[in-house]
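Peer 1: how does the following fold in three dimensions:
(one chain, ligands or ions: 1)
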Amino acid sequence: MITLRDVTTVFSTPTGPYTAVDGAHLEIPAGSIQGIIGFSGAGKSTLLRNINLLERPTSGQVVVGGTDLTELSVEELRRARHGIGMVFQNFNLVNNLTAAKNVELSLKFAGVAGTERRRRALEALAIVDLADKADSYPAALSGGQKQRVAIARALATEPAVLLCDEPTSAVDPRTTTSVLQYLADINRDLGITTVIVTHEMNVVRALADHVAVMEAGRIVERFALAELEAGTFTPATAIGAHLVADEIVLDRRRTPVGAGVTPGEEAHHG
Ligand SMILES: Nc1ncnc2c1ncn2[C@@H]1O[C@H](COP(=O)(O)OP(=O)(O)OP(=O)(O)O)[C@@H](O)[C@H]1O
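Peer 2: Residues are numbered from 1 along each chain as shown. Down below sits the predicted model:
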């Protein structure tokens, strides 16, 4: 369903070219949930944005539903993008529009007639159980509700693919579970191919079928969740091992009790 072939993205920076994504290959089966995990700066968001060409790769192919998006004209790409929804870490809602009007925006860009937009926006809000908040403004919604409106907006054009960029980073742990549950239900009920970028192994464990580990722009490791759960996956890289273990390792000098430095001070200054 989604095939990335040798995708490379090089940014021009004041200090010279910077390769954010370096020769990435990835096959994402239709209807599956692909996790992309790695530390900050690994290139995860850039690779995700390569899938809808929000960030056009410098080279390589991005094939979605059999079409190489890199070969489309501007108008063809605009239409293809209606089939690829996207959800962001900070929700990206328009604050002076109600929840329904935010959802209607994506329908408006897709050329859906005004009379039809409200009906479809309410349908999309119902998927995330927010039909009763249709006329609320973002300021009156919790973080989890805002993200659900953003998910409804992404779903309104009935996409085949949903791209999620750290969708739970800005919400608390309980809300994280709720947002992930909606994404899981949507994948199961609507068959939407889902790609989720995260730095949290818990998120990947909860949701993904397949996982790609990124480091310094490269996909360095790949595994299926089933292998992890069966205990048959052996990470080949240090970063893979670290993420799979999901350990928090503190590198702190132990200070003898009474030495005058509290643990809190040590964490900040020591
Ligand atoms: N438009 C840009 N111009 C220059 N450098 C960029 C640009 N976008 C991203 N980068 C750099 O590319 C690298 C990868 O960024 P990216 O956001 O893809 O990483 P990430 O793994 O998603 O990290 P994070 O979890 O912190 O968002 C970073 O070093 C970033 O500074």
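Peer 1: please make it C-alpha for all contacts and neighbour counts, starting now.
Peer 2: Will do.
Peer 1: how about the strands in the protein?
Peer 2: According to DSSP state E, the chain carries its strands in the segments 2-13, 16-28, 33-37, 59-64, 67-68, 84-87, 161-165, 193-198, 210-215, 218-224.
Peer 1: looking at those, which is buried most?
Peer 2: When you average the neighbours per residue for each of the strands of the chain (mean count of other C-alpha atoms under 10 Å), strand 33-37 leads with a mean of 27.
Peer 1: show residues contacting that one.
Peer 2: Strand 33-37 has contacts (C-alpha atoms under 8 Å, 6 or more residues apart in numbering) with 28, 44, 187, 193-201, 204, 207-214.
Peer 1: any weak-confidence spans in the stretch 101-250 of the chain?
Peer 2: For the stretch 101-250 of the chain, the stretches with pLDDT under 70 are 246-250.
Peer 1: burial count for the closest residue to the ligand within it?
Peer 2: Among the residues of the stretch 101-250 of the chain, His199 lies closest to the ligand, at 6.4 Å counting by C-alpha to the nearest ligand atom. Around His199 there are 19 other residues, counting by other C-alpha atoms under 10 Å.
Peer 1: now swap in Gln145 and tell me
Peer 2: Using other C-alpha under 10 Å, Gln145 has 21 other residues around it.
Peer 1: got a list of what the closest residue to it other than its chain neighbours touches?
Peer 2: Of all residues not flanking Gln145 in the chain, Leu130 sits nearest, at 7.7 Å (C-alpha to C-alpha, 6 or more residues apart in numbering). Shown in contact with Leu130 (C-alpha under 8 Å, 6+ apart): Gln145, Arg148, Val149.
Peer 1: next, the contact list for the second one, please.
Peer 2: Yep, that's Arg148 we're talking about. Arg148 touches Leu125, Val128, Leu130, Val179, counting by C-alpha under 8 Å, 6+ apart.
Peer 1: correct me, but the second one touches Tyr182?
Peer 2: Right, Val128. Yes - counting by C-alpha atoms under 8 Å, Tyr182 is a contact partner of Val128 at 6.7 Å.
Peer 1: settle it for me: which of the two has more neighbours?
Peer 2: The residue with more neighbours, out of Val128 and Tyr182, is Val128; 21 against 16, by other C-alpha under 10 Å.
Peer 1: before we move on, back to that, out of the contacts of Arg148, which are inside helices?
Peer 2: Within these, residues falling in helices by DSSP state H are Leu125, Val179.
Peer 1: okay, among the contacts of Arg148, which ones form the most distant pair?
Peer 2: Greatest spatial distance in the contacts of Arg148: Leu125 and Val179, 13.7 Å, computed using C-alpha to C-alpha.
Peer 1: those two: which is more packed in?
Peer 2: A direct count of neighbours by other C-alpha under 10 Å for Leu125 and Val179 places Leu125 higher, at 25 against 21.
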